[in-house]
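Student: what follows is a protein structure lacking sequence information:
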């Protein structure tokens, strides 16, 4: 079962011998190979053990983010403090018992990664760099406490920069891995040392201990040990009780911020109960992993484990696709946050890309001799390509020559990041976000497009060489880029006048005048959007780039022009399916295809789960790993779009909702700091509250209405 506070997390389970084990993770525990690995594993033992009685129960409470394990006599409560990087464990027993806690080391010596396990170091395999997983180290013995750590005595960072011709002061960055030290500190009120690696307390009816996690780049291990000892703070019962109240308060505010509860109207409920559960579980796991320094890893987040998956049964540090960030997968987690109002969890993503700007600008100047930035599809958190994708052998290659053709010119992340920033600003009206994050990134990304591509004979941009996602490798004017530019520029030019400079207005108006037309053509006798103005015959992956004009760049859809054109395109897409990162459910919802959207969401939340992984919210592995955060994010975004969509100032309620099958209660967040609280029962709206009140006049109810007529329907706030 999962626990977390956004920065630290734990996988918690009970062994057949009654011991409780926890894998501990932290959002910034990057090892010297650029892998996000576990901080450690702890083992909690009790005498008598938990199976001494037959009334065993282990339960996860989403309400207060705690796990309670009990046998009717002894109860153990575990929770990751919402405000501090520590796991707290509280034990209560009707009879005196012994409680032990120890570091359960499995990383005991240096170990070379070989074979399939090299995939956990994806990005640096195939190099001369020794791919060695390092052991945990115990800190000096101290009374009533146990400390352990890993410290990066080496780093791949400089080798990666050298390979990509990005060394030198121009990058304005420093090694983020070297001397990074991470580990834990166990302490408990009344506990005494039990060997070097554990603590125990005897004849206790009440006991509590904590495991504080800490990561920092320090001059020495001693500095780090002093830091974590200071951070551990008080473990006195009164202090724990106060922390628990604050912890409950944070989670209460989180759950009250938004909700979606779906109920069946009959036997053909379409898995409504399962969908409601999965929406809550997915949001919970994102909250458990999404408030740290770095974005959530799509391929397992902080919940990787030694899963029993054939051919990939490795330790808990293993994850497919390694430690890099893959934009097409990462972005889906963050689009799902907006309607929930979970804006603070978007900040790690924005901060990471903002921090990349110096090295990205240095790359553009070094590789192409012009300004602006692009962001690779696959990259380390400091902004460089993964070396195995970039190519280790540089013989007869220029710095700009990227070997892996799946991502060679896949640069759509910059435009979509700006779209996500814009949407976040429209929701929050946060001027600091606008001035400090949105505009600096938008200026840099759009400058790259203005400078990088030549003109065609009509004076418009000719985006070539280029590719349409990972599917079409040789393209001219691919739909994602062209749609992104058409979508972003008018919205950027409408930002508050006091935020835009004369240079912004001039550059963006000039770029707008040079945009190529959206790729269109006839297929099977019907006009459709195309993946690109021109591309090769054979696809290389299973994406539908032409549908990027529907999501994430919402040029087409309900309440917008040419809905029939967009629907024709959707109906004739080459790759129709759902699961993991496939986004058909979202596009169906945005086009008003209620039954198809509901079918895909139901399929997502009832399939794609490994039979031997017990917690039902741990989807995967699918294409990614376990848990697969894309799988849950797609369903989350689709359901939100089925319930409510906005176009300009209009708010469309139930634009793609199967009201003949599902009732629903929801509270969701919209642009202009708007919150909609609604309840639908028996196909009728029985409660609707809109904040601020003046936004009521912009409601259009689309229940039982033709989505194609949405733009012409009157405002209809039901009294």
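Tutor: Perfect, thanks for sending it. Everything numeric in this text was worked out from a predicted model, so none of it was measured. Numbering: from 1, shown residues only.
Student: nearest residue to residue 560 in space, please, no chain neighbours.
Tutor: Closest residue in space to residue 560, ignoring its immediate chain neighbours: residue 647 at 6.1 Å, by C-beta to C-beta, 6 or more residues apart in numbering. In short, each C-beta sits where N, CA and C put it, glycine included.
Student: so what's residue 565 up against?
Tutor: By C-beta atoms under 8 Å, 6 or more residues apart in numbering, the contact set of residue 565 is 520, 527-529, 556.
Student: find the pair from these with maximum spatial separation.
Tutor: Greatest spacing in the contacts of residue 565, by C-beta to C-beta: 527 and 556 (12.3 Å).
Student: who has more neighbours out of the two?
Tutor: Neighbour tally, residue 527 and residue 556, criterion other C-beta atoms under 10 Å: the higher count belongs to residue 556, 25 against 13.
Student: name the element the spatially closest residue to residue 668 that is not a sequence neighbour belongs to?
Tutor: Of all residues not flanking residue 668 in the chain, residue 339 sits nearest, at 4.5 Å (C-beta to C-beta, 6+ apart). Residue 339 is part of no helix or strand when elements are defined by DSSP states H and E.
Student: isn't residue 339 up against residue 258?
Tutor: Yes. Assessed by C-beta atoms under 8 Å, residue 339 is found in contact with residue 258 at 7.2 Å.
Student: ok, these two, which is more surrounded?
Tutor: Legend: neighbour count by other C-beta under 10 Å for residue 339 and residue 258, higher for residue 339 (25 against 20).
Student: who touches the more buried one in this structure?
Tutor: Applying C-beta under 8 Å, 6+ apart, we find residue 339 in contact with 258, 640, 644, 668-670.
Student: tally of neighbours for residue 255?
Tutor: 17.
Student: same check on the one 4 residues further on?
Tutor: A count of neighbours around residue 259, defined by other C-beta under 10 Å, yields 16.
Student: backbone dihedrals for it, please?
Tutor: Per-residue torsions, residue 259: phi -160, psi 160 (degrees, to the nearest 10).
Student: grab the nearest non-local neighbour of residue 428.
Tutor: residue 343 (5.6 Å).
Student: correction: the previous question concerned residue 705.
Tutor: Using C-beta to C-beta, 6+ apart, the closest residue to residue 705 is residue 713 (6.3 Å).
Student: over to residue 209?
Tutor: Computed as C-beta to C-beta, 6+ apart, the closest residue to residue 209 that is not its neighbour in sequence is residue 188, at 2.9 Å.
Student: quick one: pLDDT of that neighbour?
Tutor: Residue 188 is assigned 95 on the pLDDT scale.
Student: mind listing what it touches?
Tutor: The neighbours of residue 188, taking C-beta under 8 Å, 6+ apart as the test, are 101, 144, 199, 201, 207-210, 235.
Student: do that again at 10 Å, thanks
Tutor: Each residue near residue 188 by C-beta atoms under 10 Å, 6 or more residues apart in numbering is listed here: 89, 91, 99, 101, 144-146, 199-201, 204, 207-211, 235.
Student: ok, now residue 182?
Tutor: With C-beta under 10 Å, 6+ apart, residue 182 has these contacts: 25-26, 28-31, 37-40, 148-152, 213-216, 224, 228.
Student: helix/strand/coil for it?
Tutor: strand (DSSP: H, G, I helix; E, B strand; the rest coil).
Student: what helix or strand is residue 214 on?
Tutor: Assigned by DSSP H and E, residue 214 belongs to strand 198-217.
Student: would you mark the buried spots in that strand?
Tutor: For strand 198-217, the neighbour count (16 or more other C-beta atoms under 10 Å) marks 198-201, 204, 207-215, 217 as buried.
Student: widest-spaced pair of those?
Tutor: Based on C-beta to C-beta, the longest span within those runs between 204 and 217 and measures 38.6 Å.
Student: what's the closest non-adjacent residue to residue 94?
Tutor: residue 73 (5.0 Å).
Student: can you count the residues close to that neighbour?
Tutor: Neighbours around residue 73, by other C-beta under 10 Å: 15.
Student: please renumber the chain so that the first residue is 318 from this point on.
Tutor: OK, 318 is where the count begins now, so the last one is residue 390.
Student: torsion angles phi and psi at it?
Tutor: Phi and psi for residue 390, reported as degrees, to the nearest 10, are phi -110, psi -40.
Student: that one touches residue 368, doesn't it?
Tutor: No. With contact defined as C-beta atoms under 10 Å, residue 390 does not count as touching residue 368 (11.4 Å).
Student: what about the helices in the stretch 818-967 of the chain?
Tutor: In the stretch 818-967 of the chain, the segments counted as helices under DSSP state H, counting those that start in this stretch are 819-830, 880-888, 901-907, 911-921, 946-960.
Student: can you add mean pLDDT and distance to residue 373 and give those helices back as JSON lines?
Tutor: Below are the helices of the stretch 818-967 of the chain laid out as JSON lines (pLDDT from 0 to 100; distance: least, C-beta to C-beta, whole Å):
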{"stretch": "helix 819-830", "mean pLDDT": "97", "distance to residue 373": "63"}
{"stretch": "helix 880-888", "mean pLDDT": "97", "distance to residue 373": "50"}
{"stretch": "helix 901-907", "mean pLDDT": "98", "distance to residue 373": "38"}
{"stretch": "helix 911-921", "mean pLDDT": "94", "distance to residue 373": "32"}
{"stretch": "helix 946-960", "mean pLDDT": "97", "distance to residue 373": "29"}
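Student: sorry, back to before: which residues do residue 844 and residue 873 both contact?
Tutor: Jointly contacting residue 844 and residue 873 under the rule C-beta under 10 Å, 6+ apart are 879, 881-882, 886.
Student: which one of these is nearest residue 934?
Tutor: Using C-beta to C-beta, these come closest to residue 934 at residue 886, 33.5 Å.
Student: isn't the closest one up against residue 841?
Tutor: No. If you go by C-beta under 10 Å, residue 886 and residue 841 don't touch, sitting 11.4 Å apart.
Student: of these two, who's got more company?
Tutor: With neighbours defined as other C-beta under 10 Å, residue 886 and residue 841 compare such that residue 886 has more, 27 against 8.
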